[in-house]
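What follows is a predicted protein model with its sequence.
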Amino acid sequence: MKATRVENLILEGPLPLKLRERCTVRTTQWDEVLDNDTSQMVWSARDVVTEAFEEVLPDCWILPRHAASLEELEEMGWETEDVPPSPIPFTYPRGPIPRDSVQEISIEEIQNEGTLVLPPGSGKTAIFLAAVAHSSQPALIFVDNGGLFTQWMHAAKKHLGLSSDEIGSLQGPVASWTADRPIVIGMYSSVTQALERGDFPAELTTRFGWVCWDEAPTALTPTRFILLSLFHARRVALSATPEKRGLEELLYLHAGPIRVDVRKGDLEPKVHIAGIPCKAPNISPSNTRAYLKLMSHSLGGSRKGPNPAYLDAIVGTLRMLYDEGRKIMVLVPRSGAIRAIKDLIPDAAVLDQRTPFFARMDRLNASNIVLVSTQIGEKGLDREDLDTLVVVFPFGKTAEGRFRQAAGRVLREYPNKPTPEVYFYYPDSVYGRQLGDAAEGISKSLGWETNHSRAARNTGRQSRVSAALKLSK
């Protein structure tokens with residue numbers, strides 16, 4: 001019996017029951033379906049079993065690369081062979097210098113491939129680029145949005161000393177790809193679409209010494225599973241929150257187990273959660289997305305304009321923080337609300353889906369108050385001196401990953417940075433209070449100092465948020 005590790009693990013012999021069970025992953029998938037009783041779209045959960053192995057010939061099996069270590073297979077009586085990648089080497093002008101012991105350990109650990117779990121702001125990008133520079137091999141980095149694409153491009157220039165011409169991309173049509181560079185940044189969607197069309201260049205599977213999946217849970221969708229097993233290269237997955245309904249087990253099989261797991265950083269925010277009395281639907285809809293549609297009048301999304309009580313509270317907080325000299329990112333879910341806040345605070349910069357990728361970092365640094373569309377602001381936008389986050393509308397009840405990622409915008413190290421603060425608003429209604437209580441639970445579970453000001457259930461204690469409510473009047 002022979003086991004060969006290339007881009008995947010190839011076993012020539014009977015598949016051991018232990019490995020069959022290890023590669024059978026049970027996950028939970030959520031589908032949006034129509035509720036016949038209410039005529040609303042609701043989310044429905046179902047269990048999915050994925051068998052991450054395939055018999056391509058009689059007693060010839062393909063398994064994920066990290067389904068078993070070669071040492072474990074040898075103990076089971078298999079003859080093993082490890083075929084390392086052999087890309088064309090490249091000498092980088094320089095490499096990142098580790099800033100602390102966690103980074104030093106992480107750089108050493110990912111030499112063996114695997115998943116790196118570190119909080120936002122801890123330097124995951126620099127850690128991976130340091131490993132790449134040390135190996136003198138080209139690397140492919142997968143991202144899922146333009147913000148992360150821009151972030152990696154800036155990081156490659158800063159840490160590796162590369163020019164724009166030395167950074168390639170796999171984005172858009174295959175004809176426009178520039179894959180012959182030492183650092184290549186690929187969009188998950190562009191590569192999966194090329195695979196579906198059948199025009200993905202096969203030679204790219206062996207061109208790189210490293211493949212990195214940034215924001216690793218994002219890769220774990222049915223159409224993207226193939227990206228986890230496609231490349232013959234050292235594999236690294238980066239994430240602050242790798243758990244995703246059981247799909248993380250597939251990630252560990254393909255990219256390798258967690259090598260470093262640090263969930264809390266040196267900086268921790270003070271979290272202020274506030275319910276705002278305003279005209280809000282006093283019902284419990286099927287999900288947060290449906291509730292956001294019902295609340296659109298409070299967020300500037302209706303012809304009647306924004307609800308003054310809701311937006312005035314936010315503007316009051318922003319004015320108070322601005323006068324204190326804070327540097328603020330505001331996550332806003334609706335373009336109408338962005339315009340309404342901008343009208344009241346003309347000095348604020350605006351960054352939304354219409355902002356070109358190449359201009360986003362400049363826009364992010366253009367003012368001490370930046371109004372950012374929630375869809376692009378939760379991750380991939382890094383400005384080290386930001387110290388305050390204002391979330392205009394709550395996330396879902398189980399959105400710990402989104403909560404942590406959003407807070408990470410203000411948890412990056414910066415000289416003389418004040419204690420980071422997060423302001424989290426919700427409409428004071430039945431469902432709004434449920435979202436506020438969920439946010440409080442998530443914040444406290446992360447060990448963060450949390451103050452919850454419940455507008456409809458006044459405890460008699462005045463918080464910074466309630467003071468801002470008075471200031472706005």
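Now that the structure is in, tell me what you want to look at.

What strand or helix carries E196?
Per DSSP states H and E, E196 falls inside helix 188-197.

Can you give the strand pairings for the helix or strand just after that helix, parallel or anti for each?
Of the helices and strands lying after helix 188-197 in sequence (DSSP H and E), the nearest is strand 210-213. Neighbouring strands of strand 210-213 in its sheet, by DSSP bridges, are strand 139-143 (parallel), strand 234-239 (parallel).

before we move on, back to that, now for the helix holding E196, which elements pack on it?
When contacts are defined as 3 or more Cβ pairs under 8 Å, 6 or more residues apart in numbering; DSSP states H and E, helix 188-197 packs onto strand 139-143, strand 167-170. Backbone N, C-alpha and C define where each C-beta goes, glycine included.

returning to that earlier point: using JSON lines, lay out the strands paired with strand 210-213 together with distance to K417, mean pLDDT and mean neighbour count.
Formatted as JSON lines, these follow (distance: least, Cβ to Cβ, whole Å; pLDDT from 0 to 100; neighbours: other Cβ atoms under 10 Å):
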{"stretch": "strand 139-143", "distance to K417": "26", "mean pLDDT": "96", "mean neighbour count": "26"}
{"stretch": "strand 234-239", "distance to K417": "23", "mean pLDDT": "94", "mean neighbour count": "26"}
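
Other residues contacting the helix holding E196?
142-144, 170-172, 174, 200, 218-219, 223-224, 226-227, 230 (Cβ atoms under 8 Å, 6 or more residues apart in numbering).

hang on, the earlier thing: how about the strands paired with strand 210-213, which one is nearest R339?
For R339, the closest of the strands paired with strand 210-213 is strand 139-143, at 28.9 Å, according to Cβ to Cβ.

mind putting the strands paired with strand 210-213 in JSON lines, distance to E21 included?
Formatted as JSON lines, the strands paired with strand 210-213 follow (distance: least, Cβ to Cβ, whole Å):
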{"stretch": "strand 139-143", "distance to E21": "29"}
{"stretch": "strand 234-239", "distance to E21": "23"}
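
wait, which of those is closest to V49?
strand 234-239 (22.4 Å).

coming back round to it: filter the contacts of helix 188-197 down to the buried ones, PyMOL style.
Here is the PyMOL command that selects the buried residues among the contacts of helix 188-197 (16 or more other Cβ atoms under 10 Å):
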select buried, resi 142+143+144+170+171+200+218+219+224+227+230
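
Greatest separation within the contacts of helix 188-197: which pair is it?
Farthest apart among the contacts of helix 188-197 - using Cβ to Cβ - are V174 and T218, which lie 21.7 Å from each other.

Which helix or which strand is home to L11?
Assigned by DSSP H and E, L11 belongs to strand 9-12.

N416 now?
According to DSSP H and E, N416 maps onto no helix or strand at all.

Now do it, the pLDDT please.
The model reports N416 with a pLDDT of 91.

neighbours of it, just the number please.
Using other Cβ atoms under 10 Å, N416 has 5 neighbouring residues.

Where do the strands of the stretch 201-350 of the chain begin and end?
210-213, 234-239, 258-261, 270-276, 328-332, 349-351 (DSSP state E, counting those that start in this stretch).
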